[in-house]
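**Q** Sharing a model prediction with you, sequence too.
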Amino acid sequence: MDIQTLTFIIVGLTFALYIAIAIWSRAGSTNDFYVASGGVHPVMNGMATAADWMSAASFISMAGIIAFAGYDGSVYLMGWTGGYVLLALCLAPYLRKFGKFTVPDFIGDRYYSQTARTIAVICAILISFTYIAGQMRGVGVVFSRFLEVEIATGVFIGAVIVFFYTVLGGMKGITYTQVAQYCVLAFAYLVPAIFISIYMTGHVLPQTGFGATIAEGVAGEGKYLLERLDGLSQELGLAAYTSGVKSKIDVFAITAALMVGTAGLPHVIVRFFTVPKVRDARRSAGWALVFISVVYLTAPSIAAFSKVNLINTVNGPDLTGVEYEQAPSWIKNWEQTGLISWEDKNDDGKMFYSGDERNEMTVDRDIMVLANPEIADLPAWVVALVAAGGVAAALSTSAGLLLVISTSVSHDLLKRTLAPNITDRQELMWARIAAALAIALSTWFGINPPGFVAQVVAFAFGLAAASFFPAIILGIFYKRMNSTGAIAGMVVGVLFTLAYIIYFKFVNPAANNADNWLFGISPEGIGTLGMLINFVVSYVVHKFTGDAPQATQDLVESIRYPKGAGHATSH
Amino acid sequence: MAFKSEELAKAYWRENIGLVLKLLAVWFIVSFGFGIILVDWLNQITFFGFKLGFWFAQQGSIITFVILIFIYIKRMAALDNKYEVHED
């Protein structure tokens, strides 16, 4: 059977499974639609959080970016895992005790202000939307490859499927489907990594394999893999793989923005409202990170292996280039999507990849994970499995984000603010309309992406870091913080970050380099500065406007210990 | 009020904050410290084919994060019991 047929079968089977689960546990009431009745076991919740969390950015894009950026790619690895430490230690247990459905609910009640709630709703929509715009590109990459169509068509098909899928079930459906999706995506991520590790180094564990020596019969045998990669990079005019080129302050800022952003992401935080107890909220965060680490500890090894393999297959073992006529089938397959291309600059009929003027290959970073099993010549079913995993990753996160957007619009904006008299039924209808609009807009961004998937997603984290994180942290740990301070902080923080990103990405992209950046911080890392500004503005404004009322301070006292935590409520 | 006295409530919160700060110190040292600030210096050391700083940035920090959260879960459960503010 060829790769395409197998992909259809495996993607089709996994899909049927998710939809079956979604229908089986179909959302009945609005409560079910939002938080699954607060009755999900911590290990299950951790697994679902992991699936929710690991999007197309983690599954498809991250290892590819690391493959090309080497050490600099570590920002994603540390950033997207380190945030869980903040989440578990500083946020999850307290928010669970607080017992509200959404982040804007927390902000609105803690800061006893309708304005604060509305601003939080707008921030949540903005963050989720940026995030989902990145996802659509990832979905498109998968579909364009296995349907063998142009990337734009792939994005379009993916969007239709994601929409159909989210509207079928709410959170309850999503929690159990996400458990299934985690299993599919983790399996799909590990299998090719293990195969390749055994082939390249003889190690079963890819985590130790990429630090081992290259096995017999593979180019560069006997040498340490990373040493060989550094050597190859140097010969080809690329930066050494293990050291990178980004400035230290930028690496620091991006890592911090991703970590703090993780702890401020509304669709992740909402997960910790769905467990029965405060203790379970802590455990859920721990288990989520365990399941995430399974993939994140494997990603850097996939990155290193695929980079070596890419160089070997394009440039040949003697580094003189391989005849295009004899190019392996994966290159031709990916050429159809427009995500890989070859331009014979020196007319020798041979392909060549390098970091200098000899380079003839354009390779989209986002294809590396999907192409990896093909590059390493693994069996067709492995290639198909990876496609299924990519679909699972993109679907699970998109569904979670769409849910946040639709909840924010129908529940927070309409029901709680603009139109309090709407019925449950109307609320659900508005939720679906909001999801449809969000999908339509993000499809456009999927076709015209402002960056690689993981980079676009990084902007969403920057926005979350600059808006929610300080407001929540101060809300829990500084009981005297008042509404004026928190509102001012959120507004200034998010506007500063948004303006910086829009300026360098859309208004004046030509200026997007280290010379023009503020303190040498790139748009991906600017959320860190936005967060600091938010903290400072909140504190200063608070100093001039007096403490929060006593009732609020008592409320904050009461969320600091677990005893007496009830079910999450909407009012 | 779940605590028997104001002092106990304060003591519980103080112990909680102390634990969180200790764990966050480790969190910071391993990722921002070993993985970013000291990475070049640590890269002079190689073990099992990895440069040490690079290893911390791509593997070591993640492993440490997982351990930190589970220490927190365990210690907080003990703390809740000690002050009798655990859930039923």
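**A** Great, that's in hand. These numbers come from a predicted model, not from an experiment. Numbering: from 1, shown residues only, chains lettered A, B, ... in the order given.

**Q** Could you report the neighbour count for A:Gln550?
**A** 9 (other C-beta atoms under 10 Å in any protein chain shown). (C-beta placed from N, C-alpha, C; glycine too.)

**Q** I'd like the distance between it and chain B.
**A** 15 Å (C-beta to the nearest C-beta, to the nearest Å).

**Q** Let me see the contact set for residue 69.
**A** As the question left the chain open, I've gone with chain A. The contact partners of A:Ala69, taken as C-beta atoms under 8 Å, 6 or more residues apart in numbering or on different chains, are A:244, A:246.

**Q** oops, I was thinking of chain B
**A** Residues counted as contacts of B:Ile69 (C-beta under 8 Å, 6+ apart) are A:84-85, A:88-89, A:282, A:285-286, A:289.

**Q** likewise A:Thr102?
**A** Per C-beta under 8 Å, 6+ apart, neighbours of A:Thr102: A:34, A:124, A:266, A:270, A:404, A:407-408, A:411-412.

**Q** From those, pick the one nearest B:Gln44.
**A** B:Gln44 has its nearest neighbour among those in A:Pro266, at 42.8 Å by C-beta to C-beta.

**Q** Can you give me every residue that contacts the closest one?
**A** Here A:Pro266 is in contact with A:102-104, A:124, A:127-128, A:404, A:408, A:464, A:468 (C-beta under 8 Å, 6+ apart).

**Q** I'd guess A:Tyr18 is in a helix, am I close?
**A** Yes: using DSSP: H, G, I helix; E, B strand; the rest coil, the assignment for A:Tyr18 is a helix.

**Q** Strands along chain B, start to end?
**A** B:46-47, B:50-51 (DSSP state E).

**Q** Check whether the last one comes near chain A.
**A** Yes: for strand B:50-51 and chain A, the contact criterion (C-beta under 8 Å from any C-beta of the partner chain) is met by B:50-51.

**Q** can you list the residues that contact that strand?
**A** A:211, A:226, A:242, B:42-45, B:59.

**Q** List buried members of the residues you listed by neighbour count.
**A** In these, burial by neighbour count holds for A:211, A:226, A:242, B:42-43, B:59, counting by 16 or more other C-beta atoms under 10 Å in any protein chain shown.

**Q** between those residues, which is nearest A:Met490?
**A** B:Gln59 (35.8 Å).

**Q** Excluding chain neighbours, give the residue nearest to the closest one in space.
**A** Spatial nearest neighbour of B:Gln59, excluding adjacent residues (C-beta to C-beta, 6 or more residues apart in numbering or on different chains): A:Leu297 at 6.0 Å.

**Q** Could I get the phi/psi values of the one you found?
**A** phi -80, psi -20 (degrees, to the nearest 10).

**Q** how close does it sit to A:Leu310?
**A** 22 Å (C-beta to C-beta, to the nearest Å).

**Q** Give me the pLDDT for the most centrally placed residue in chain B.
**A** Nearest to the geometric centre of chain B sits B:Leu23, at 2.4 Å (C-alpha atoms, centre = their mean). On pLDDT, B:Leu23 comes in at 96.

**Q** Looks like it contacts B:Phe70 (just checking).
**A** No: at 10.6 Å, B:Leu23 and B:Phe70 do not qualify as touching, with contact defined as C-beta atoms under 8 Å.

**Q** By mean pLDDT, point me to the weakest helix or strand of chain B.
**A** strand B:46-47 (a mean of 84; mean pLDDT, DSSP states H and E).

**Q** what lines up beside that one in the sheet?
**A** The strands beside strand B:46-47 in its sheet (DSSP bridges) come out as strand B:50-51 (antiparallel).

**Q** Where does pLDDT dip in chain B?
**A** Within chain B, the stretches with pLDDT under 70 are B:1, B:88.

**Q** Helices of that one, residue ranges please.
**A** B:6-28, B:39-42, B:52-55, B:61-82 (DSSP state H).

**Q** Show me what the second one is packed against.
**A** When contacts are defined as 3 or more C-beta pairs under 8 Å, 6 or more residues apart in numbering or on different chains; DSSP states H and E, helix B:39-42 sits against helix B:52-55.

**Q** most packed of the strands of chain B?
**A** strand B:50-51 (a mean of 22; mean count of other C-beta atoms under 10 Å in any protein chain shown).

**Q** Pull the CA coordinates from stretch B:54-63 and hand them back as CSV.
**A** Output of stretch B:54-63 as CSV, limited to C-alpha atoms (Å, rounded to 0.1, in the frame of the first residue of the first chain):
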residue,chain,number,x,y,z
PHE,B,54,23.4,22.5,25.9
TRP,B,55,22.1,19.4,27.8
PHE,B,56,20.6,21.5,30.5
ALA,B,57,18.9,23.7,28.0
GLN,B,58,17.4,20.8,26.0
GLN,B,59,16.9,18.0,28.6
GLY,B,60,18.1,18.7,32.1
SER,B,61,15.8,21.7,32.8
ILE,B,62,12.7,19.8,31.7
ILE,B,63,13.5,16.8,33.9
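
**Q** quick one: buried residues of it?
**A** Buried residues in stretch B:54-63 (16+ other C-beta under 10 Å): B:54-62.

**Q** Check stretch A:242-253 too.
**A** Across stretch A:242-253, burial judged by 16+ other C-beta under 10 Å covers A:242-244, A:246, A:249-253.
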